[in-house]
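Peer 1: Below is the sequence, then the predicted model.
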Amino acid sequence: MARFLRPLLRGTTYTRLLHLWVPMLFVSVWMFIDMSKPWVPAVLLIPLGLVPAVRRGEGVQAQFMLARGGGEAAFSVAPSATWRDRWRTVLWLEVRLVCGWVACGVTVWLPLIAGELINVATGHPTTDNPFVPVSHPHWAYALLFPLPLLALYGAVVGLGELITATARRLLGPSAGERLAALEERTEQLLERTRIARELHDSIGHALTVAVVQAGAARTAGNPAFTDRALAAIEDTGRAALEDLERVLGVLREADRPVSGRPTLAEADRLLESARSSGAKVEAEVTGPVETVPGPVSREGYRILQESLTNVLRHAGSVPARVRIEVRDDSLVLEVRNPLAAGISGPGRGSGLRGIRERAALLGGRARTGPAEGDWQVHVELPLG
């Protein structure tokens, strides 16, 4: 019983009824002008529905009166962009008008019928209600009193569900709008993934360097070495804070350009950070790194950063060879370190996956794993 009566407690039930009543205001005005032509309002709705802005207005009404909370994405709030959308709007207006007629009829006549049944049951019938044609009053008519009210309840709830389903069908987003929404959602997901990778690579690298430096300083027992380690931790932490500020800037300002992100032209900073952590890094740079396109150079920097982080995290202070080669049509990044017995290679967590994802997004390819006794990260990125 409680479930049956639940729609009476929902505000949406009454806003949907109000939504059906609104067109009747226009019809009522016309009935004062010419009652002999009730079909004229339906004809006037045809040119009205062809106006592009009308679709936006109907969509906004549907959001706030037919849906819960006004956040229903099934209704389009954009003007009609095609003739198909315009004719869908015309059809919607006609359906809304017809449903409005029915809603006004049931909400007026069904309560009157219920009241008339009470009058007949109490011996005071009226003669102006064609729906209760009785000549002999009787108390048994009181037993029929709930039937019109139940019919009114069913009609109000049913018409509300019907007009909402029709609105989703006729005022729903077009194929172009759905495609645009899908593209926007895809861009948002890609941006979130990129930000997650930025934080992982930058902060992960800084923490790895800090942990390695702090551990080495604690075991060395050399004040001079400790000072160098603290200076390296300070420099790495400051650089990580700058990277974090860039990433947070993207979150705060959606339109902020990405040109402030580090590129391969600043690779020396990464190499020095790794060297200060005890790793013996040999770098070989071939070709004009400064001419590498911005997106490729920025992603290349992050790939190199994650590769060096993996060396420090999983192999420790071991010799590492870095090769950066700029070819005519591609950029080659390679980081190799000894894979000695008893030392496991880098794990297969989010770091290596992030390297492969970065390469794939740029149309390149990445190979990670053991190679000739070394652990190797080899990435090729197209420049075109």
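Peer 2: That came through, no problem.
Peer 1: Measure how buried the spatially closest residue to Ile163 that is not a sequence neighbour is and give me the count.
Peer 2: Nearest residue to Ile163, sequence neighbours excluded (C-beta to C-beta, 6 or more residues apart in numbering): Cys99, at 5.2 Å. Any C-beta I mention is one placed from the backbone N, CA and C, and that applies to glycine too. The number of residues packed near Cys99 is 18, by other C-beta atoms under 10 Å.
Peer 1: what about Cys99, which helix or strand?
Peer 2: helix 83-121 (DSSP states H and E).
Peer 1: Tell me, how many residues neighbour Ala231?
Peer 2: Residues near Ala231, counting by other C-beta under 10 Å: 12.
Peer 1: Am I right that it is in a helix?
Peer 2: Yes - applying DSSP: H, G, I helix; E, B strand; the rest coil, one finds Ala231 inside a helix.
Peer 1: Quick one: list the elements packing against the helix holding Cys99.
Peer 2: helix 11-33, helix 40-49, helix 52-65, helix 146-170 (3 or more C-beta pairs under 8 Å, 6 or more residues apart in numbering; DSSP states H and E).
Peer 1: Please point out which parts of that helix sit buried.
Peer 2: The neighbour-count check on helix 83-121 (16 or more other C-beta atoms under 10 Å) flags 85-86, 88-97, 99-101, 103-104, 106-107, 109-110, 113-114, 116-117, 119-121 as buried.
Peer 1: Then stretch 64-83?
Peer 2: Result for stretch 64-83 [16+ other C-beta under 10 Å]: buried residues 64-67, 72, 74-77, 79-80.
Peer 1: ok, now stretch 51-62?
Peer 2: Buried residues in stretch 51-62, defined by neighbour count with 16+ other C-beta under 10 Å: 54-56, 58-59, 61-62.
Peer 1: so where's the protein shaky on pLDDT?
Peer 2: Regions of the chain meeting the criterion pLDDT under 70 cover residues 1, 68-73, 125-135, 175-191, 194, 198, 245-260, 277-278, 340-350.
Peer 1: what about 50?
Peer 2: Counting by pLDDT under 50, the chain shows low-confidence ranges at 70-72, 253, 255-257, 342-344, 348.
Peer 1: hmm, what's the outermost residue in it?
Peer 2: Within the chain, His136 marks the point farthest from the mean C-alpha position, 66.4 Å out by C-alpha atoms, centre = their mean.
Peer 1: quick one: secondary structure of that residue?
Peer 2: Per three-state DSSP, His136 ends up coil.
Peer 1: For the remainder of this discussion, apply numbering that starts at 85.
Peer 2: Done: numbering now begins at 85, and the last item shifts to His220.
Peer 1: What distance do you get for it to Pro230?
Peer 2: From His220 across to Pro230, the span is 22 Å (C-beta to C-beta, to the nearest Å).
Peer 1: Likewise for Ala316?
Peer 2: According to C-beta to C-beta, Ala316 and Pro230 sit 84 Å apart.
Peer 1: and if you look at Leu255?
Peer 2: Where Pro230 is concerned, Leu255 sits at a distance of 36 Å (C-beta to C-beta).
Peer 1: any chance of the buried residues of stretch 135-146 in a markdown table, plus distance to Ala323?
Peer 2: Rendered in a markdown table, the data for the buried residues of stretch 135-146 read as follows (distance: C-beta to C-beta, whole Å):
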| residue | distance to Ala323 |
| --- | --- |
| Val138 | 56 |
| Arg139 | 52 |
| Arg140 | 49 |
| Glu142 | 54 |
| Gly143 | 49 |
| Gln145 | 54 |
| Ala146 | 52 |
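Peer 1: Identify, from those, the entry nearest to Arg94.
Peer 2: Relative to Arg94, the closest of those is Ala146; by C-beta to C-beta it sits at 16.6 Å.
Peer 1: Which residues belonging to stretch 461-468 are considered buried?
Peer 2: 461-465, 467.
Peer 1: Show me the two of these that sit farthest apart.
Peer 2: Val461 and Leu467 (19.3 Å).
Peer 1: about what we covered before: can you add distance to Val402 and give the helices and strands packed on helix 167-205 back as TSV?
Peer 2: Shown next, in TSV, are the helices and strands packed on helix 167-205 (distance: least, C-beta to C-beta, whole Å):
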stretch	distance to Val402
helix 95-117	66
helix 124-133	73
helix 136-149	61
helix 230-254	62
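Peer 1: Show me the protein divided up by domain.
Peer 2: 86-257, 284-466 (automatic domain parsing).
Peer 1: so which of those domains is the most packed in?
Peer 2: Burial of these is given as mean neighbour count (mean count of other C-beta atoms under 10 Å); domain 284-466 ranks first at a mean of 17.
Peer 1: out of the helices and strands packed on helix 167-205, nearest to Asp413?
Peer 2: In terms of C-beta to C-beta, the element of the helices and strands packed on helix 167-205 nearest to Asp413 is helix 136-149, at 47.3 Å.
Peer 1: Now do the closest one against helix 230-254, angle only.
Peer 2: Relative orientation of helix 136-149 and helix 230-254, computed by axes from the mean of the first three to the mean of the last three C-alpha atoms, to 10 degrees: 130 degrees.
Peer 1: Thanks again, I'm all set now.
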